[in-house]
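# Next input, structure requested:
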Amino acid sequence: MLSESARATSTFEARYRINDPNSRPRAVKVMALDERSAALVKRLAQGQWDSASFFTTSGLIAVPRSDAQFSMGSWLIDIAGRSKDLVDEISTADLVIMIATAGENAPGASVIGEACSLKRVTTTACVLAGPSTPDEALSRTLAQLRPWALMLVIASDDDYVADMLRALRA
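Just a heads-up that it's a prediction; the model follows:
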């Protein structure tokens, strides 16, 4: 009697084998929500990535009042300094990763999160927080990100963020 492994590798079973790679690279958009996270995103962008694009939201127009109308065009800035349309970028994404620093204000999370919800794009948020970060500062930032992220990660250092991007196949 053949073992399961032997039977699974037999010529008879080979006809059911799919000869394509397990998965395709994701189109990942990494978006910094504040100045410190923008510096990290710019450093990360210098690395080797399969399909990641890096953006900042800092230094742009303020997030409008809820009753104001505005265009999401030119709301993001890529690493080269070019303005990008938020909706266009999200439309071509499989995953959006928002990065914020504990204690910083991250109003862009709601705009990005809402656009991702409308386009059905998965969101992850990463909060940069060191061991000495006060719990109050961390809680304040988590409260801004929690409604808009399917997964929340607290990163103790910059290397953790890079490792997380690799694990997510960026």
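# Toward the C-terminus, what is the element adjacent to the host helix or strand of residue 5?
Assessed by DSSP states H and E, residue 5 sits inside helix 4-8. Downstream of helix 4-8, the first helix or strand assigned by DSSP H and E is helix 11-14.
# How about residues contacting that next one?
With CB atoms under 8 Å, 6 or more residues apart in numbering as the test, helix 11-14 has contacts from residue 7. Where you see a C-beta, it was placed from the backbone N, CA and C, and this is true even at glycine.
# So the most centrally placed residue in the chain, which state does it fall into?
Centroid check for the chain by CA atoms, centre = their mean gives residue 97 as the closest residue, at 1.1 Å. Residue 97 carries the three-state label strand when classified by DSSP: H, G, I helix; E, B strand; the rest coil.
# Show me the strands in the protein, by range?
For the chain, the strands defined by DSSP state E occupy 28-32, 52-56, 76-78, 83-84, 95-101, 122-128, 151-155.
# now those strands in JSON lines, with distance to residue 163 and mean pLDDT?
Output for the strands of the chain, formatted as JSON lines (distance: least, CB to CB, whole Å; pLDDT from 0 to 100):
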{"stretch": "strand 28-32", "distance to residue 163": "14", "mean pLDDT": "96"}
{"stretch": "strand 52-56", "distance to residue 163": "14", "mean pLDDT": "95"}
{"stretch": "strand 76-78", "distance to residue 163": "23", "mean pLDDT": "87"}
{"stretch": "strand 83-84", "distance to residue 163": "26", "mean pLDDT": "88"}
{"stretch": "strand 95-101", "distance to residue 163": "13", "mean pLDDT": "97"}
{"stretch": "strand 122-128", "distance to residue 163": "11", "mean pLDDT": "96"}
{"stretch": "strand 151-155", "distance to residue 163": "9", "mean pLDDT": "94"}
